[in-house]
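# Sequence plus the predicted model coming up.
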Amino acid sequence: MTTSGTDAAFVEFERVQKSYDGETLVVKDLNLSMPRGEFLTMLGPSGSGKTTCLMMLAGFETATHGAIRLGGQSINDIPPHKRGIGMVFQNYALFPHMTIAENLSFPLEVRKLGKSVREEKVKRALDMVQMGAFGGRRPAQLSGGQQQRVALARALVFEPELVLMDEPLGALDKQLREHMQFEITRLAHDLGITTVYVTHDQTEALTMSDRVAVFNDGVIQQLAPPDELYESPQNSFVAQFIGENNTLSGVVKSIDGDRCIVELDGGGEIDAKPVNVSKVGERTTLSIRPERVEIDKKRLHKDAHTLKAEVLEFIYMGDIFRTRLRVAGSEDFIIKTRNAPDQVRLQPGTQIEIGWLPEDCRALDAS
Amino acid sequence: MTDTTNSGPMLAADGRPLKQSLARALRRQKIRALMLIAPLLIFIMLTFIIPIGNMLFRSVENDIVGNTLPGTVEALEDWDAQSAETLDDVVFQNLFIDLFKAAEAKEHTKLGTRLNYEQTGISSLFRTTGRNLDDIGEPYQDWLEDTDERFKDGAFWYEMMSGSGGEAILEERRDLWAALVGEGMAGDIGFTLSGEVAELLPWTAKAYSDWAIYTAIADEDVVAEEDPWEAVYGALGIDLRNADTVAAIAGYSGPGADALRAAVANIGAMPTTTFRDAFAAEDEDWLKTENWQTIKIYSPNYTMGYFLNSIDMEKGLDGAQARPENQQIYVKLFLRTLKMSVIITLSCILLGYPVAWILANLPARSANVLMILVLLPFWTSLLVRTSAWKVLLQQQGVINDLLVWLGFVDDANRLILMNNSTGTIIAMTHILLPFMILPLYSVMKTIPPSYLRAAKSLGATNWTAFWRVYFPQSVPGIGAGSILVFILAIGYYITPEIVGGTDGVFISNRIAYHISSSLNWGLAAALGTILLSVVLILYWLYDKIVGIDNVKLGG
């Protein structure tokens, strides 16, 4: 086996490249290995290569270079219909001329299962997504959420070991989407299916996945569990892409173990954790989550650096307050504070001082 | 405030019923919409619906017999056509008056042509007799003029016939003229019929009125100065055969009474030949019962005759009956037209489907180039395209030469690809192909590729995915294309005419023949009506079976 292969790897991409026009690579040197039963999300902006990866795995696109393995066996030359991979499409792709039951029965029919077995499995799959009563309807008679459930049931009805989902919740409204996120995760875990999920919605990726692969420009920027991704982004793209993020740019003034001091372009010095910087004098982008910014000086370390800030805008959002500040020349520095009884509501024009724990602010590449 | 507990109609704010208010509000919109489509509506009415309606009406219209021979038709009413009994002389007397009039207006040949569709030979019968009708009236003219010099004089006739009280008869004759020549005969004729004379000499009164109207209106002469037609003398002869008339003349004292009494006195010298014999002398065929049966059968104003003719039947004495085997052509032609249209439609589906599929699945740039190739035939004249097929298909043509050169076909046994149904099918499939490809393409364009992918991911092979998932969704396109191609094919005319020979012609070629060559417009209209009905019935069936909602011409 190759170096990236482990016994636990169920889905494996090894040095996979893909080019459509022979001039540019859409997927550059992709290496990825998934154990059985994992829920992995491919997250990235459009054009980042995530869907192409999914299509190569499903067999609708061929890899220009490299190997894709399923259960240790190369599937590069296996046509899609023999891969036995369930797939949920962005627009559900429910066959409009068939009823729901016929849609679900279709994969079983092409597998030449008997009629009674088919009916049994269709019924079980529909019950699984609480759509048992809708077998006789046509897709057009169902709501978006119902179609989504049916699409899911159809991808699962022939009991595939691997299920691919290509932005399956994109067309649903927020409330339904959250509900379906929960339901998909529950099903995937209950049935022990390995799932590859593609989305550009980071909330979705964070709430559903065991691990998230952040794609940009044909490269996996970071592959990590959601909490690690949010709290310890490896580079400024991931930091920007996952969650809300404030950035400040400057130059490293000193490094001392896992603490460094950065001199900001807009004036002032601040503490940070060096992630992508190694030597003094290097340019860096600081990344700090809005909810980790502290406005109460008493709660900071006594020798911590602070920055002067001016309140520009105060937005009441119910559970939180969102305040926009001018900090070190940047006018879109956001802080979030919890709506607690003792919380101050900062009025525009107020001059305050802000700071943070050094480990909450990551000094990343200058991008 | 409106009382909501009231079960009466809902009221608007001004107290009027809400429905009425709504209707008022919508009416202006409707009128505006109607005004927008009015130009097109008027255009279509004038250039399409009215002419077509008029044409279709011709398939049952048959007033030419009644209009040309009104008296004869009336006299024939009592005649039992089936028993073929000898015709009463009064029929021939009426025929003389009617035909004389028609011959003067040169309308009798039209009737001959019309009746000739049903009974061969009638056309020449009418034509020759029409020329020599004077011969039948002349003996009476000679006799009357010999009896009294004054009968030679137009002014005397005018004086004798003039008076008052006969206006009703005059107007009746005027209407008959109008029906015969197909235009108004209104206007002052400078003559009023005497009621007394009309009662005394009914035949003469009618014939003289006919002559007077025609002389004044059509010839624009003065009635008082002209000499009447021979028909008027003949009519007086007919009157004088009646013993009652002869008796009544003795008591008559109006103008010309003495001349009439002189004629009565000299009645022994009046020609004794019956009108029946006189006509027979002109043409023996007037004695043929079949000719009279035909006239009788086709005397009503409306007839199913053209329609019966269109389905190889004819109107016999006992009603509809099949035509002789060797005259049956239309049913065969209809069936052939249907069969070949179906074959052409199927060929178009077979050839067009893959092309449409490629078009729908190619990237936009290449699809556009291919689309131009599909549309190219539209930019060439239909005649040019069909003639090009002539070059390709003939026995010494390009295709045969190629096959011989390749050794597939022996030089002595070149394929006959033209002047038969093969030629029509090949050329028409080519010409109608775009009408299949375009709707197919526009429907296929709306089928997302994800369906095929979904089917494959579910385990279907390429063929199963196509046949179970893609094909059913493209059926509306096939439906739309088939309707277009079939309806165009069923009425096609130019291509079968050029490459079809005798085996490959359609019913429309026969319709064209009747419109432009045989001039049997009634038959052409009946054939056209049947063709239209067949299309409408097929359309209705299609709607019942497939559902017209399932037809898509575009996304």
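Yep, it's here. Residues are numbered from 1 along each chain as shown, chains lettered A, B, ... in the order given.

# going forward, measure contacts between C-alpha atoms and count neighbours the same way
Will do.

# Using the three-state scheme, assign B:Pro354.
helix (DSSP: H, G, I helix; E, B strand; the rest coil).

# Now for it, how many residues are close by?
If you count neighbours by other Cα atoms under 10 Å in any protein chain shown, B:Pro354 ends up with 14.

# how about the residues of chain A near chain B?
A:58, A:60, A:80-89, A:93-97, A:106-107, A:110-111, A:155 (Cα under 8 Å from any Cα of the partner chain).

# Among those, which ones are in strands?
Judged by DSSP state E, the residues of chain A next to chain B include A:85-88 as members of strands.

# quick one, longest helix in chain A?
helix A:174-191 (DSSP state H).

# Now do the very next helix or strand once past that helix against helix A:174-191: the angle between them, please.
Following helix A:174-191 in sequence order, the next helix or strand is strand A:194-199 (DSSP states H and E). Per axes from the mean of the first three to the mean of the last three Cα atoms, to 10 degrees, the angle that strand A:194-199 makes with helix A:174-191 is 160 degrees.

# Check the offset of strand A:194-199 from the chain's centre.
10 Å (Cα atoms, centre = their mean, to the nearest Å).

# I'd like to know which elements the next helix or strand after it is packed against.
Remark: after strand A:194-199, the chain's next helix or strand is helix A:202-208, criterion DSSP H and E. Identification of packing neighbours for helix A:202-208 by 3 or more Cα pairs under 8 Å, 6 or more residues apart in numbering or on different chains; DSSP states H and E yields strand A:39-43, helix A:174-191, helix A:226-231.

# Any chance of the backbone angles for A:Pro233?
A:Pro233 adopts backbone torsions of phi -60, psi 140, taken as degrees, to the nearest 10.

# Who are the packing partners of the helix or strand that B:Leu111 is a member of?
Using DSSP H and E, B:Leu111 sits within helix B:108-116. Packing contacts for helix B:108-116, counted by 3+ Cα pairs under 8 Å, 6+ apart, involve helix B:64-68, helix B:122-131.

# again, only this time at 7 Å
Judged by 3 or more Cα pairs under 7 Å, 6 or more residues apart in numbering or on different chains; DSSP states H and E, helix B:108-116 is in contact with helix B:122-131.

# Would you mind naming what in chain B lies close to chain A?
For chain B, the residues in contact with chain A (Cα under 7 Å from any Cα of the partner chain) are B:450-451, B:454, B:456-461, B:469, B:473.

# Give the ChimeraX command for selecting the buried subset of the residues you listed.
In ChimeraX, this line selects whichever of the residues of chain B next to chain A come out buried by 16 or more other Cα atoms under 10 Å in any protein chain shown:
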select /B:450,451,454,456,457,458,459,460,461,469,473
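
# Residue of the stretch 101-250 of chain A closest to chain B, please.
Distances between the stretch 101-250 of chain A and chain B by Cα to the nearest Cα are smallest at A:Pro107, namely 4.9 Å.

# Just confirm that residue contacts B:Gly459, I think it does.
Yes. Using Cα atoms under 7 Å, A:Pro107 makes contact with B:Gly459 at a distance of 5.9 Å.

# most tightly surrounded among the helices and strands packed on helix A:202-208?
Compared across the helices and strands packed on helix A:202-208, strand A:39-43 shows the largest average neighbour count, a mean of 27 (mean count of other Cα atoms under 10 Å in any protein chain shown).

# Can you check what angle separates it from helix A:174-191?
Using the same axes, to 10 degrees: strand A:39-43 against helix A:174-191 is 140 degrees.

# Listing partners with orientation, what would you give for strand A:39-43?
If you go by DSSP bridges, strand A:39-43 pairs up with strand A:194-199 (parallel), strand A:211-216 (parallel).

# of all the ones you listed, which lies closest to B:Ile238?
strand A:194-199 (107.4 Å; Cα to Cα).

# For that closest one, what does the pLDDT average out to?
Strand A:194-199 shows a mean pLDDT of 94.

# So what touches the helix or strand containing A:Gln146?
Assignment of secondary structure by DSSP H and E places A:Gln146 within helix A:144-156. Residues from elsewhere that reach helix A:144-156, judged by Cα atoms under 7 Å, 6 or more residues apart in numbering or on different chains: A:86-88, A:92, A:94, A:103-104, A:125-126, A:129, A:139, A:172, A:176.

# Please convert the buried members of those residues into PyMOL selection syntax.
Those of the contacts of helix A:144-156 that count as buried under 16+ other Cα under 10 Å are selected in PyMOL with:
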select buried, chain A and resi 86+87+88+92+94+103+104+125+126+129+139
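
# now, which of the contacts of helix A:144-156 sits nearest A:Thr199?
A:Val88 (12.2 Å).

# Not counting residues beside it along the chain, what's closest to the closest one?
Using Cα to Cα, 6 or more residues apart in numbering or on different chains and skipping the chain neighbours, the partner closest in space to A:Val88 is A:Met165 (4.6 Å).

# wait, isn't the one you found in contact with A:Val198?
Yes. Between A:Met165 and A:Val198 there is a contact under Cα under 7 Å: 6.0 Å.

# how about low-confidence regions in chain B?
Scanning chain B for pLDDT under 70 picks out B:1-8, B:550-555.

# Doesn't A:Ala309 belong to a helix?
No. In this structure, A:Ala309 is strand, not part of a helix, as judged by three-state DSSP.

# A:Ile261: neighbour count?
A:Ile261 has 22 nearby residues by other Cα under 10 Å.
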